[in-house]
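Engineer: Predicted model and sequence below, questions to follow.
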Amino acid sequence: FQHQKQLKPQSTILSRLSFDAESFDPTAKDGSLELHKSAKVAWEVGRKLWEELESGEVKIGSINKPKKPKNESELCRPSVSLSESEFLAHGKVMVLPCGLTLGSHITVVGKPRAAHAETNPRIALLKSGEDSVMVSQFMMELQGLKTVDGEDPPRILHFNPRLKGDWSRKPVIEQNTCYRMQWGTAMRCEGWKSKADDETVDGQVKCEKWIRDDNDRSVESNATWWLKRLIGRTKKVTVDWPFPFTEGKLFVLTLSAGLEGYHVSVDGRHITSFPYRTGYTLEDATGLMLNGDVDVHSIFAASLPTSHPSFAPQRHLEMSNRWKAPPLPEQPVDLFIGVLSAGNHFAERMAVRKSWMQHKLVKSSHVVARFFVAMHARKEVNVELKREAEFFADIVIVPYMDNYDLVVLKTVAICEYGGRVAAAKYIMKSDDDTFVRVDAVINEAKKVHPDRSFYIGNINYYHRPLRAGKWAVTYEEWAEEVYPPYANGPGYIMSSDIAHFIVSEFEKHNLSVIVQDGRCEYGDVGGEIQQLKGGGLYTQFEVLPIRMHRRLLYSSLPVTKTNDVHVGQVAKADKASML
C-alpha cells in the first residue's frame, strides 16, 4: 500500500491506501510467496468490485426483491421429518427453512452408543498412569445456517450430554452458544436440581435432579428397585430419576421453543431449560445437527413458521440520524479508535453504534471511531455496505477482497487514518465484538509521558506457532520456535509515532505480512531497530486479533517488561470482549 495525497480525505469512505505492485513482491524468498500472491489477487479483485460499485453497475434495488425459493427444501413447511437414512444422506443435518417460532418443537428418537476408549480426550483429563479414558457423548445443535457467509454457522444452542468421559467423571449435560468461533459461558447440569432462588425459564428450572451415585443397578430390575423404594413409605414419594441417557438404550428427546428459552424433555420428563441469549432469534435457527456417539433413528419437527423471514443481515441496520458519526474535526483528536469489521457484520456495527460509540467523548469528537472493512465476496453485501457507509459516515473501506490471512492490511489502514487523517495523539485497534471503555482507555494513555513511545495491550510472551491443524504455520513462514512479545488483538493502543513508523515502513516495502495462524498476524519491519523518542521499536511489530481479558499491560518499546494495570469488568455480554 502507498499513501495518496488528498486535500479532504474525510470526504470519501475509501481508505487513502492504494496498492503498489512492489508492496507484495511475488518473488519474495522469505516463505511468504503464497501470501504475497494472495494479497495481490485480493487487491485486484477488491478494486474491481469497488469500481463496479462506483459505476453503478450493481443496483441496490436488485437485492431488495424477495428471492423465490430455489427448491422445495426452502419452502416454509409447518412440519419436517427425516428417517435415519435421510438424516445421514443430509450430512446429519435437518434443514429448517424458515427457522423456528414460539411453540415449535423437535422430537429426536435415538440411541447412545457404547463408550469407547480415547487416548486424547477433549472433555476429560487422563489420570496418572492412564493411557485412555472411556468416552460416550453426543452433540445436538441448533445452527444458524443462513446467518453468516463464509464462516462456521453460529451454534444457537449447543446441547451436549456426556454419559461417560467428562472431566468430573460424572454424567453431565453441558449447554452453550458459539458465535464466530467464540463460546459463551457454559451451563452445566450435573445432577443437582437448580436452587429455589435461581431464575427459571418459563417457570421451569434450568436443571432437574438425577441420581448421582455410581452404583450399577443393571443387574437389578426396575420393578425390584421401585418396590424397595416404596415399601414402608406412607408419605409423598420423592422420585429420584437416573441420568436420562443410557448407552444402548433408546430415548425420545423433545426440544421446544418457549417464550424465554429452549426446553428439553427426555422420555416425557423435563430435563433442562436453556434461556435465550442476546443476539439470536428463533428464526435464525435454520438447522438441527446431531453428531457424536449416537445413532439417530428419526427426527420430526412441527409447529414451524409458515411465512418466510428475512435472512438478510442488513435487516439489523437502523437508519436513524441519531446513530450517525459526528463530522471529523479540523483540529487533531486525542484518541482514534479503528474497529476491524467484516462486510456482512451489519448487526455488530449497529450494536457498537448504540453502545460505546455513544460515549460523550466520541459524540464530542475528542475521540473519533471508524470501522475498517474490506470488500465482500457477495456483491449485494458490498452494495449495502456502501449505502451504510454513506449514511452513517463511520466506515472506511479498504478496497481489497476480505481474507482473514490479510486482516493485518486493515490494521495498517487504521494506522494511516489515525495518524494522518485524524492526526490523533493515540491510536487504538479494536474489533466489532469488543466493548471499549473509552474513558478508561484514554486515561491510561495519558498516564504515559508525552515524550515516550508506548504500546498498551495484554502482552503475551513465549507463545509458540501452531504447526498442525487449521491454523498451522510452516517453518518457511516462521522459523523461530516462539513468537516475539505481542498484544492481544481485541484492543491495544499505540502512540502516534509508532503508527506513523508502521505506515512509513510499509510504504518503503520494509513491512510485509508473513504470519497468520488464527492468533497472530506479524508485520516484519525488517532492518535495524528504528529509534523512537523514548525507546526503540521492536523489529517484529505485531498486530493481531485475540480476545481481551479485562486487563491492560503497559509497555514501552522495545517490549521487555510490563506493569500490570487493572481495568475491571465493565459489562456482561455473551459475545463481547471488554477493554
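Structural biologist: Arrived safely. If you're wondering where the values come from, they're calculated on a predicted model, not measured in any experiment.
Engineer: how close does residue 248 sit to residue 112?
Structural biologist: As judged by CB to CB, to the nearest Å, residue 248 and residue 112 stand 7 Å apart. From N, CA and C alone the C-beta is placed, and that goes for glycine too.
Engineer: These two - which one has more neighbours?
Structural biologist: Between residue 248 and residue 112, counting by other CB atoms under 10 Å, residue 112 is the more crowded of the two (22 against 10).
Engineer: For that one, which residues are in contact?
Structural biologist: Contacts for residue 112 (CB atoms under 8 Å, 6 or more residues apart in numbering) come out as 136, 138, 161, 163, 245-249, 251, 293-294.
Engineer: same check, this time on residue 80
Structural biologist: Contact partners of residue 80, counting by CB under 8 Å, 6+ apart, are 94-96, 300-301, 304.
Engineer: partners of it in the sheet?
Structural biologist: Beta-bridge partners of residue 80, counted by DSSP bridges, are residue 301.
Engineer: what's the spacing between it and residue 288?
Structural biologist: 9 Å.
Engineer: Got the domain ranges for the chain?
Structural biologist: As given by automatic domain parsing, the domain ranges for the chain are 32-59+324-572, 77-211+237-302.
Engineer: Now render these as JSON lines, adding distance to residue 13.
Structural biologist: Compiled in JSON lines, the domains of the chain are given as follows (distance: least, CB to CB, whole Å):
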{"stretch": "domain 32-59+324-572", "distance to residue 13": "4"}
{"stretch": "domain 77-211+237-302", "distance to residue 13": "22"}
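Engineer: deepest of those domains, which one?
Structural biologist: domain 32-59+324-572 (a mean of 19; mean count of other CB atoms under 10 Å).
Engineer: okay, and for the stretch 51-200 of the chain, where does confidence drop off?
Structural biologist: Low-confidence segments of the stretch 51-200 of the chain (pLDDT under 70): 57-74, 147-151, 180-181.
Engineer: which one of the domains of the chain has the lowest average pLDDT?
Structural biologist: Least confidently modelled of the domains of the chain is domain 32-59+324-572, at a mean of 71 by mean pLDDT.
Engineer: Pull the most distant pair out of the contacts of residue 80.
Structural biologist: Pairwise distances among these were taken by CB to CB; the largest, 14.0 Å, belongs to 95 and 300.
Engineer: which phi and psi does the nearest residue to residue 53 once chain neighbours are set aside have?
Structural biologist: Residue nearest to residue 53 in three dimensions, not counting chain neighbours: residue 386, with 5.4 Å by CB to CB, 6 or more residues apart in numbering. When read as degrees, to the nearest 10, the backbone of residue 386 gives phi -60, psi -40.
Engineer: can you pull the contacts of residue 386?
Structural biologist: Residue 386 neighbours (CB under 8 Å, 6+ apart): 13, 53, 397.
Engineer: 10 Å instead, please
Structural biologist: 13-14, 50, 53-54, 58, 60, 343, 375, 395, 397 (CB atoms under 10 Å, 6 or more residues apart in numbering).
Engineer: Redo the contacts of residue 112 as a markdown table? Include distance to residue 124 and secondary structure.
Structural biologist: Converted to a markdown table, the contacts of residue 112 look like this (distance: CB to CB, whole Å; DSSP: H, G, I helix; E, B strand; the rest coil):
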| residue | distance to residue 124 | secondary structure |
| --- | --- | --- |
| 136 | 11 | strand |
| 138 | 15 | strand |
| 161 | 15 | strand |
| 163 | 12 | strand |
| 245 | 17 | coil |
| 246 | 19 | coil |
| 247 | 16 | coil |
| 248 | 21 | coil |
| 249 | 22 | coil |
| 251 | 23 | strand |
| 293 | 14 | coil |
| 294 | 18 | strand |
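Engineer: now, among those, which is nearest to residue 174?
Structural biologist: residue 161 (8.2 Å).
Engineer: intersection of neighbour lists for residue 95 and residue 300?
Structural biologist: 80, 82.
Engineer: helix, strand or coil for residue 86?
Structural biologist: helix (DSSP: H, G, I helix; E, B strand; the rest coil).
Engineer: circling back to that earlier point, will you turn the contacts of residue 112 into TSV that also has distance to residue 403?
Structural biologist: Putting the contacts of residue 112 into TSV (distance: CB to CB, whole Å) gives the following:
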residue	distance to residue 403
136	40
138	35
161	38
163	41
245	42
246	47
247	45
248	47
249	48
251	44
293	37
294	37
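Engineer: could you pull out the helices for this protein?
Structural biologist: Along the chain, counting by DSSP state H, helices occupy 33-55, 61-64, 84-89, 222-230, 346-354, 360-363, 379-392, 408-416, 438-446, 496-507.
Engineer: Is it possible to get JSON lines of these that adds distance to residue 316?
Structural biologist: Compiled in JSON lines, those are given as follows (distance: least, CB to CB, whole Å):
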{"stretch": "helix 33-55", "distance to residue 316": "21"}
{"stretch": "helix 61-64", "distance to residue 316": "15"}
{"stretch": "helix 84-89", "distance to residue 316": "32"}
{"stretch": "helix 222-230", "distance to residue 316": "52"}
{"stretch": "helix 346-354", "distance to residue 316": "4"}
{"stretch": "helix 360-363", "distance to residue 316": "21"}
{"stretch": "helix 379-392", "distance to residue 316": "10"}
{"stretch": "helix 408-416", "distance to residue 316": "21"}
{"stretch": "helix 438-446", "distance to residue 316": "23"}
{"stretch": "helix 496-507", "distance to residue 316": "31"}
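Engineer: Appreciated, that's everything.
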